[in-house]
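Chemist: Need a 3D model of the following:
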Amino acid sequence: EGEKDRLAVAQLNLPNTYVVSLPDGAAQRVEGCASKLNKCMLGEDGKLKPCVANFAKVICMSDGDTAGLAMRDALVAFLERDYAWTVEYPPETKDANDVLIRHGADRLREVIDNAQPAGDDGSLPWLEYVASMPKMDPLPCGIPFLDKHFRPVRPSFIVVGGQAGAGKSTVLQAIAFNLAWANCLKVSLFHAEGDPGIVTKRMRLFWKGKRNPDHLREDHEQRERDEWIAATFRGMSPPIGGMPYFERLLLSIERQAKLGSSIVVVDPWNQIINSTPKGMNKTDHIGDCIRRLKLVAERHRLILIVGHHVTKQGDLYRPPNGYELEGSAHWMNAADHLLMVWKPKVTANRVRLEVVKSKDHATMGQPGHAWCGLPDGSFGLEARPVPDSQKGKPWEPGTEEPSKGDAKGSNPTMPHSGQAPPSHDLNAAAF
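Modeler: Next up is the predicted model:
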């Protein structure tokens, strides 16, 4: 893909081998790479130039990042699949020069010798295939009342949606903080709305609730808290004066993964600049963007959490559903987990958090919902009872409106006919 990588391979003096690099490297998208390949590899007659066609095979050694994979896919599509070969780099390397510097010439030669035709379908006997895949053990979410409904795996694509002002960013941050704490993971945040100082304050309150419920008085405790924040969280932003374009976001996520982050938060999605290409409708374009985000997450085993809002036409007086997320049904269809946040009373410290979708109910949790709010003196989520105003609503099965003799609504949640009464323990009864 680049001149340094070409020189790295040329140093091997491989017999009967001709090494070239793509001028100015790869483009960000497959279409751009295909255009470059057309100019570089086709003659005026529309056929492969002899300097390419006379060889038995073409080995594509693109970079392992998003642009490099776009180049690889374009080359495979450009050539016959059995004619185009691809390589697999050792861990922690992304191109030929990396392999040469870190592992030496013999390892780089081994990478080339082990190249495989792109036409190979990669099929294996089923048990061998399963054994070759990384384990996807569910992780505790760190929120007790939510744990049986929300247990993400690595990789995961998680969407947290809701109406403007419903508290979805607050819920999203609480989920990310708890996942990081419960599983000792690092988090990178793209926070595009609001004062980042508020997020820092929430991090400090979260630590206080986990480690020391009393007021922090000792200097060493404050240092320990801030050291945890520094070691756990990284901020993502465009270069100074730059704009948050989608292609730049993909590259930034790749970079965060290489720096050790396992959780990446993008909040909110509508702050990412992402114009629909000419000739493509918005729904298909968003679907393409989601696929590319998921490929990056899969490649680095990331938990990728995206905050997104519903359409303005949504009814404010009922919980929103996943198909009302702005722009495309792909948000609902492609998510491994979809969580929807609804706040019927703006001033109340209580939201309805619904796990609308969980890809695998047996391991990743059963869909369900809870009413929850922020605890006093710390930051996180704690279960709350169903508000009186919501009892008996169609979206609150198993509840009744308060009776005339119980105007304050102090009766516990009522079951459906034929069901056993629920527990009075909030952590058990919240769903």
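Chemist: what about the stretch 151-300 of the chain, any weak spots by pLDDT?
Modeler: Confidence mapping of the stretch 151-300 of the chain against pLDDT under 70 gives the ranges 212-218, 239-241.
Chemist: mind checking pLDDT for Asp376?
Modeler: According to the prediction, Asp376 has pLDDT 85.
Chemist: Could you check how far it is from Met203?
Modeler: Asp376 sits 17 Å away from Met203 when distances are taken as Cβ to Cβ, to the nearest Å. (Glycine included, C-beta is placed from N, CA and C.)
Chemist: Neighbour count for these two, which is higher?
Modeler: Remark: of Asp376 and Met203, Met203 carries more neighbours, 22 against 8, as counted by other Cβ atoms under 10 Å.
Chemist: Who are the contact partners of the more buried one?
Modeler: Listed by Cβ atoms under 8 Å, 6 or more residues apart in numbering, the contact partners of Met203 are Phe177, Ile229, Phe233, Phe379.
Chemist: right, and Leu250 touches Arg291 too?
Modeler: No: taking Cβ atoms under 8 Å as the contact criterion, Leu250 and Arg291 are not neighbours in contact, 11.5 Å apart.
Chemist: Among these two, which residue is more densely surrounded?
Modeler: Between Leu250 and Arg291, counted using other Cβ under 10 Å, Leu250 has the larger neighbour count: 19 against 12.
Chemist: Could you say which helix or strand holds the more buried one?
Modeler: With elements delineated by DSSP states H and E, Leu250 resides in helix 246-258, which encompasses its position.
Chemist: Grab the nearest non-local neighbour of the most centrally placed residue in the chain.
Modeler: By Cα atoms, centre = their mean, the chain has its centre lying nearest to Leu304, at 1.7 Å. With Cβ to Cβ, 6 or more residues apart in numbering as the criterion, Leu304 has its nearest non-adjacent residue at 4.4 Å, and that residue is Ala297.
Chemist: Report the contact partners of the one you found.
Modeler: Residues counted as contacts of Ala297 (Cβ under 8 Å, 6+ apart) are Pro155, Ser156, Phe157, Ile253, Val264, Ile303, Leu304.
Chemist: can you check Val111 too?
Modeler: The neighbours of Val111, taking Cβ under 8 Å, 6+ apart as the test, are Val87, Glu88, Tyr89, Pro90, Ala96, Val99.
Chemist: 7 Å - rerun?
Modeler: Listed by Cβ atoms under 7 Å, 6 or more residues apart in numbering, the contact set of Val111 reads Val87, Tyr89, Val99.
Chemist: The last one contacts Arg109, doesn't it?
Modeler: No: the pair Val99 and Arg109 fails to qualify as a contact (Cβ atoms under 7 Å) at a distance of 9.6 Å.
Chemist: and these two? which has more neighbours close in?
Modeler: Val99 (25 against 16).
Chemist: so who does the nearest residue to the more buried one once chain neighbours are set aside touch?
Modeler: With Cβ to Cβ, 6+ apart as the measure, Leu108 is the residue that lies nearest to Val99, at 4.6 Å, once sequence neighbours are left out. Taking Cβ under 7 Å, 6+ apart as the contact definition, Leu108 lies against Ala8, Leu12, Ala96, Val99, Leu100.
Chemist: Residues in a beta bridge with the spatially closest residue to Lys57 that is not a sequence neighbour, which ones?
Modeler: Leaving out its chain neighbours, the residue that sits closest to Lys57 by Cβ to Cβ, 6+ apart is Trp85, at 5.2 Å. Per DSSP bridges, the residues bridged to Trp85 are Ile59, Pro117.
Chemist: count of neighbours near Trp85?
Modeler: Here the number of neighbours of Trp85 (other Cβ under 10 Å) works out to 22.
Chemist: just Met332 next, same as before
Modeler: Counted with other Cβ under 10 Å, Met332 comes out at 18.
Chemist: That one: what secondary structure?
Modeler: When classified by DSSP: H, G, I helix; E, B strand; the rest coil, Met332 comes out as helix.
Chemist: roughly how far apart are it and Pro90?
Modeler: In terms of Cβ to Cβ, Met332 sits 38 Å off from Pro90.
Chemist: Then Val171?
Modeler: Using Cβ to Cβ, Val171 is found at 40 Å from Pro90.
Chemist: Likewise for Trp395?
Modeler: Trp395 is 52 Å from Pro90, where distance means Cβ to Cβ.
Chemist: Repeat that for Val159.
Modeler: Distance, Val159 to Pro90, by Cβ to Cβ: 34 Å.
Chemist: again, but for Val111
Modeler: Distance, Val111 to Pro90, using Cβ to Cβ: 7 Å.
Chemist: Ala370 too?
Modeler: When distances are taken as Cβ to Cβ, Ala370 and Pro90 turn out to be 45 Å apart.
Chemist: what angle do the longest helix seen in the chain and helix 246-258 make?
Modeler: Across the chain, the helix with the greatest residue count (assigned by DSSP state H) is helix 282-300. Note on geometry: by axes from the mean of the first three to the mean of the last three Cα atoms, to 10 degrees, helix 282-300 and helix 246-258 are set 20 degrees apart in direction.
Chemist: Buried ones in helix 282-300, by neighbour count?
Modeler: Going by neighbour count (16 or more other Cβ atoms under 10 Å), the buried part of helix 282-300 is His285, Ile286, Gly287, Cys289, Ile290, Arg292, Leu293, Lys294, Val296, Ala297, Arg299, His300.
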